[in-house]
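A.B. asks: got a predicted model here, sequence first, then my questions.
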Amino acid sequence: MGTIDLSKSDPNFRDQLTREPGGEQISACFVCRTCTASCPISAVNEKFNPFRIIRLALYGLRDEVLKNDFIWLCSSCYACQERCPQGVSITDFMTLLKNLAFKEGHAPVGIKTQMELIKAQGRIYAIDEFDNKKRNKAGLPSLPTSCDVVKELLA
């Protein structure tokens with residue numbers, strides 16, 4: 001895991017997080033590591049460690065948390081949150097961190113591309129008549145080819 005350099009700590013970061021939706025309960029974490037043991041992502045990628053991310057955030061290491069790509073590895077499966085003995089909303093906390101990182105311009109290129117597609121098309125994958133023909137052939141109903149309502153919401 002490596003050494004944590006507390007000289008770069010932002011004492012206000014922890015307070016900011018606890019005032020935001022998703023971060024209210026984060027201080028209740030008592031370092032049991034159940035979140036990491038429950039996480040299917042940390043089982044296959046050691047870069048993602050919910051326990052470590054929580055610790056870094058609580059230590060006020062804003063840049064280390066928000067500028068790193070490891071927060072984007074969370075799949076939002078809720079396994080950690082469901083098993084947390086303290087009732088910490090870990091998945092919601094990861095979403096909070098992603099939102100803060102995005103607002104500060106630290107999102108991976110793929111996330112930014114998805115946002116632009118949703119803004120332009122209303123969805124990430126455009127549906128056309130060819131897709132609907134395949135769906136109909138499989139006995140599935142057609143889907144709308146336009147998502148103008150979503151574009152209006154994001155305008």
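C.D. replies: Received it, and whenever you're ready, just let me know what you need.
A.B. asks: distance check, F48 against I26.
C.D. replies: To I26, F48 is 17 Å away according to CB to CB, to the nearest Å. Glycine gets a C-beta too; all of them are placed from N, C-alpha and C.
A.B. asks: wait, I meant C147
C.D. replies: Per CB to CB, C147 is found 35 Å from I26.
A.B. asks: compare neighbour counts for these two and give me the winner.
C.D. replies: I26 (21 against 17; other CB atoms under 10 Å).
A.B. asks: that one and E20 touch, don't they?
C.D. replies: No. Applying CB atoms under 8 Å as the test, I26 and E20 come out as separate, 9.6 Å apart.
A.B. asks: and the residue nearest to the spatial centre of the chain, what helix or strand is that in?
C.D. replies: Centroid-nearest residue in the chain: T95, 4.0 Å away (criterion: CA atoms, centre = their mean). Following DSSP states H and E, one finds T95 within helix 90-103.
A.B. asks: run the angle between the next helix or strand after that helix and helix 90-103 for me.
C.D. replies: Following helix 90-103 in sequence order, the next helix or strand is helix 109-121 (DSSP H and E). Per axes from the mean of the first three to the mean of the last three CA atoms, to 10 degrees, the angle that helix 109-121 makes with helix 90-103 is 80 degrees.
A.B. asks: show me what helix 109-121 is packed up against.
C.D. replies: Packing partners of helix 109-121 (3 or more CB pairs under 8 Å, 6 or more residues apart in numbering; DSSP states H and E): helix 148-154.
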